[in-house]
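Participant: Curious how this folds, go ahead:
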Amino acid sequence: MDTEANFGSTNWKLGSVCIFVLCWWLMETGTLVPSQLFTSSLALSFLGYYLYDVIDGGTGRRCSGRTRLADLKSVLIFLSFTYGLSPLLKTLTETISTDTIYAMTTFMLLGHLLFFDYGANAAIVSSGLSLNMALFASVCLASRLAGPLHTFTLITFACELFALWPLLQKKLKKQSTGCHGMLTVLFAVVVVTALAMVAPACAALAIVLLFLLSFLIPLWLVKLQLYKDNIHGPWDEAEIKDDLSGVLH
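Facilitator: Numbering: from 1, shown residues only. Have a look, this model is predicted:
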């Protein structure tokens, strides 16, 4: 069932967006230093890479022919280009008002949540569009930070959070549903706790949304299955008559 396939995925994605916005806000207010976010997120990314390799058993690397050294080179190239482009990205939206930037960011993050692949087969799903909208939102917010280092850190963090983190989550869910469920609960607790330290009202709203997405909405969808009615054939094929005189008269 699609409900079972989506269980936990919406919580992970909603929590990721909350963590991203929270980290941006902490850097905007000067509470979080860019170097702290960069080093901690990079360390967690390397840990996630190791866990993914352990769960996968190295099958993905063997099929693609890539080595750990090649992956490390790709990371260094990405970081170098992103750092070099940070001054440009910092001034990319100088002529756009801050209110417009915030409105575009909200729209892009909502689109990211809407088009993300939660595991259900639907025409609206587009992983590429979802990722691009999240990265565009990160560029918008990063352009309003204090300096190029802040911009570099936030964009790098967005790539780790929206591009790499879902890969590990899906691999873990496929390997062990029970472990994935426990980590989902733990991640939700971390998100709510982090929000409560900064904005208690946002934490309360997050609790309500997580409760709806985890229990009420899935339960409602399961109950709706009782009223689902599929019409099955076989049907008689339509026959076209050559003589249309009776119809014309």
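
Participant: Could you list the low-confidence segments of the protein?
Facilitator: Along the chain, segments meeting pLDDT under 70 span 1-8, 120-123, 228-249.

Participant: Would you state the helices of it in chain order?
Facilitator: Secondary structure of the chain (DSSP state H): helices located at 2-6, 9-28, 34-56, 59-64, 68-90, 98-115, 127-142, 148-159, 165-175, 177-198, 200-211, 217-224, 245-248.

Participant: Kindly reformat those as TSV containing mean neighbour count.
Facilitator: Backbone N, C-alpha and C define where each C-beta goes, glycine included. TSV is the format used below for these (neighbours: other Cβ atoms under 10 Å):
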stretch	mean neighbour count
helix 2-6	14
helix 9-28	20
helix 34-56	15
helix 59-64	11
helix 68-90	13
helix 98-115	16
helix 127-142	20
helix 148-159	23
helix 165-175	17
helix 177-198	15
helix 200-211	14
helix 217-224	12
helix 245-248	7
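
Participant: Phi and psi next, for residue 65.
Facilitator: phi 80, psi 10 (degrees, to the nearest 10).

Participant: to the chain's geometric centre, what's the distance from stretch 14-31?
Facilitator: Relative to the centre of its chain, stretch 14-31 is centred 15 Å away, using Cα atoms, centre = their mean, to the nearest Å.

Participant: Next one: residue 29 relative to residue 71, how far apart?
Facilitator: Residue 29 is 35 Å from residue 71, where distance means Cβ to Cβ, to the nearest Å.

Participant: can you check residue 179 too?
Facilitator: Counting by Cβ to Cβ, the gap between residue 179 and residue 71 amounts to 24 Å.

Participant: And residue 86, by the same measure?
Facilitator: Taken as Cβ to Cβ, the span from residue 86 to residue 71 is 23 Å.

Participant: Check residue 133 too.
Facilitator: Residue 133 sits 26 Å away from residue 71, going by Cβ to Cβ.

Participant: Tell me who's in contact with the nearest residue to residue 193 once chain neighbours are set aside.
Facilitator: Using Cβ to Cβ, 6 or more residues apart in numbering and skipping the chain neighbours, the partner closest in space to residue 193 is residue 203 (7.8 Å). Applying Cβ atoms under 8 Å, 6 or more residues apart in numbering to residue 203 gives the contacts 192, 193, 195, 196.

Participant: Ends of stretch 159-168, what's the gap?
Facilitator: Criterion Cα to Cα, to the nearest Å; first-to-last residue distance in stretch 159-168 is 14 Å.

Participant: Provide the contact partners of it at residue level.
Facilitator: With Cβ under 8 Å, 6+ apart as the test, stretch 159-168 has contacts from 12-13, 16, 19-20, 41-42, 44-45, 48-49, 51-52, 78, 112, 116, 131, 134-135, 138.

Participant: How far off centre is it?
Facilitator: Per Cα atoms, centre = their mean, the centroid offset for stretch 159-168 relative to its chain is 7 Å.

Participant: next one: stretch 78-91
Facilitator: Centroid displacement of stretch 78-91 relative to its chain, using Cα atoms, centre = their mean, is 22 Å.

Participant: Stretch 148-157 now?
Facilitator: Distance of stretch 148-157 from its chain centroid, counting by Cα atoms, centre = their mean, is 18 Å.

Participant: Same question for stretch 188-207.
Facilitator: Worked out by Cα atoms, centre = their mean, stretch 188-207 lies 19 Å from the chain centre.
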